[in-house]
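Novice: How does the following fold in three dimensions:
(2 chains)
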Amino acid sequence: MAEETKNRAQSFDPMEPLRGVRDAYMDVWAKSMVDMVNSEAYAQATGTMLDTYLTVSAPFREAVEKAMLKTLEQLAMPSRADITSLAERMTHIELRLDDLDAKLDEFQKNASKAPPPSAAPRTVSTAKKAAGPKQAKRGRK
Amino acid sequence: MTEISAVLDPYTQAANRLKTLSKVMTTKAAIAQTPKQLVWTLNKAKLYRYTPVVPKEKRHPIPLLLVFALMNRPYILDLRPGHSFVEFMVQQGYDLYLLDWGAPGPEDKNLKFDDYTLDYMPRAIRKLKAIAGSQEFSLLGWCIGAILTTIYAALRGNDGLRNLILLTAPLDFSNKQGLTFAKWTEERYFDVDKVLSAFGNMPGEMIDYGAKALKPVENYVGNYLKLWDNLDDPRVVEAWHAMNTWVTDNVPLAGGAFRQLIVDLYRNDKLMRGELVIRNARVEVSNIRANLLTVIAEGDHITPACQSEPIMAKVSSKDKELLRVAGGHIGIMAGSGAAKLTWPHINHWLAARSDAQ
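Specialist: Below you'll find the predicted structure:
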């Protein structure tokens, strides 16, 4: 009896009978909405809404920006433009550092490619210099 | 007593479901867990190298660089353990790198495709080559990342690029009727300069709205109903939580790049017409000679197949392949079927072209 009640309780889902209907409705709704957002009318409506918002909010935005700029000046604090310019300069410095890093990598690569000094082929002039006075004397004999 | 508990069970279940729902809706899932090191940075961009798990002698000698879109976080490629393209590729023996563009600030509002493709990418690639000790490399670009990699491949064809993989690449904008974004951003409806003068960069929320509004019922209603229907299934809940964490984590798109995307590409289709100019150089996709794999999502409503297919006929690559995968724009790489279809195919294609010549 208890098991039966439990099973009945567990299997009870008020949404279950409606789920199929819901999903079918959702499909139809989804298709009609996709058609709607694909229409010229929707593009025009969203464009108009965005344009209106930008036009209406522009004076407020400008007023807030001016007020903020004056406040920051009064408080002797940097403005957004100051920080932006500083960030741009830092990026330029990073670029220069990256150039240096590239040159260093190149230098290291060339250094590792070069044979060790002992195995380096000697040219005549350097061989003579390296041989020193002893060899020179022997040559004279 | 037992009967009372049996009657109360549904209420306990309902309470648990609400608890799960609350957790999923108010917290962020643990994502991007594959171990990696930061190896290069420039401004907000970061280059990561994933810690190899395969011994060096068994690894592919040609490193692979992943380039994702500018206005989403790249960790969709490394969503969660066991469901991560990055984890999969590292296990397959690739020396794997990820270029994370980061979130542009107000100081980056003038960044354009020119900067991304000719300042950031070449420098990141130089570093990658130095670390990997290879003069050649492979590139994988996804969505806007595929636009950047295509431009790079066309302009820097002799830079050692051996393999190019383009995923759901929006490159051809000639079919205006098939592109909802193209309709919304027509000059008569959308004033790009007015938007950018107000915001500087294109806000992530507006981009998110645009992407979701393409399929409003699925994104604003169906998605949550799917969660509600499966609240008792931990696997579905975990996957939904991770995806929702990614979907709600948007970044702005740099103003200069957004203007190019709308004016040069969506409105004037300059890339495919050979009219796109990047720092005084015309971008000719016919300059691309690297081995090319283009992956198209058959159910993609953001980048329909007509945007990705035409490049196949325009490149000069002798080795090229077009792969069609069932699924959506994101689903083909992060959906439940990705590990069985897309990832193995990419691995199979790339492995055959990633050994020393």
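
Novice: quick one: secondary structure of the residue of chain B found nearest chain A?
Specialist: In chain B, the residue that lies nearest chain A is B:Tyr189 (3.1 Å; C-beta to the nearest C-beta). C-beta coordinates here come from the backbone N, C-alpha and C atoms, glycine included. At B:Tyr189 the chain is in coil, as set by DSSP: H, G, I helix; E, B strand; the rest coil.

Novice: How about the contacts made by it?
Specialist: B:Tyr189 is in contact with A:Ala43, A:Gln44, A:Thr46, A:Gly47, A:Thr48, B:Lys183, counting by C-beta atoms under 8 Å, 6 or more residues apart in numbering or on different chains.

Novice: switch the cut-off to 7 Å
Specialist: Going by C-beta atoms under 7 Å, 6 or more residues apart in numbering or on different chains, B:Tyr189 touches A:Ala43, A:Gln44, A:Gly47.

Novice: Which single one of these is nearest to chain B?
Specialist: When those are compared against chain B (criterion: C-beta to the nearest C-beta), the nearest one is A:Gly47, at 3.1 Å.

Novice: Now that closest one. Nearest residue, chain neighbours left out?
Specialist: Excluding the flanking residues, the one nearest A:Gly47 by C-beta to C-beta, 6 or more residues apart in numbering or on different chains is B:Tyr189, at 3.1 Å.

Novice: do B:Gly222 as well
Specialist: A:Met26 (6.1 Å).

Novice: Could you say which helix or strand holds residue 66?
Specialist: As the question left the chain open, I've gone with chain A. helix A:40-74 (DSSP states H and E).

Novice: Actually, chain B is the one I wanted.
Specialist: Going by DSSP H and E, B:Leu66 is part of strand B:64-67.

Novice: Can you name the secondary structure element that comes next after the longest helix along chain B?
Specialist: For chain B, the helix that runs over the most residues, judged by DSSP state H, is helix B:2-26. Next helix or strand after helix B:2-26 toward the C-terminus (DSSP H and E): strand B:36-42.

Novice: Please see if that following strand touches chain A.
Specialist: Yes - applying C-beta under 7 Å from any C-beta of the partner chain, one finds strand B:36-42 in contact with chain A at B:Leu42.

Novice: which secondary structure elements does the helix holding A:Lys66 contact?
Specialist: In terms of contacts (3 or more C-beta pairs under 7 Å, 6 or more residues apart in numbering or on different chains; DSSP states H and E), helix A:40-74 is packed against helix B:180-184, helix B:192-199.

Novice: Within range of chain B, give me the residues from chain A.
Specialist: Counting by C-beta under 7 Å from any C-beta, chain A sits next to chain B at A:2, A:5-6, A:9-10, A:12, A:26, A:29-30, A:33-34, A:37-38, A:40, A:43-44, A:46-47, A:51, A:54, A:58, A:61, A:80, A:84, A:87-88, A:91, A:94, A:98, A:102, A:105.

Novice: And those, which of them are buried?
Specialist: For the residues of chain A next to chain B, a neighbour count by 16 or more other C-beta atoms under 10 Å in any protein chain shown gives the buried set as A:5-6, A:9, A:30, A:33-34, A:37-38, A:43, A:46-47, A:54, A:84, A:87, A:91, A:98.

Novice: Once you drop chain neighbours, what's closest to B:Ala169?
Specialist: B:Ala146 (3.3 Å).
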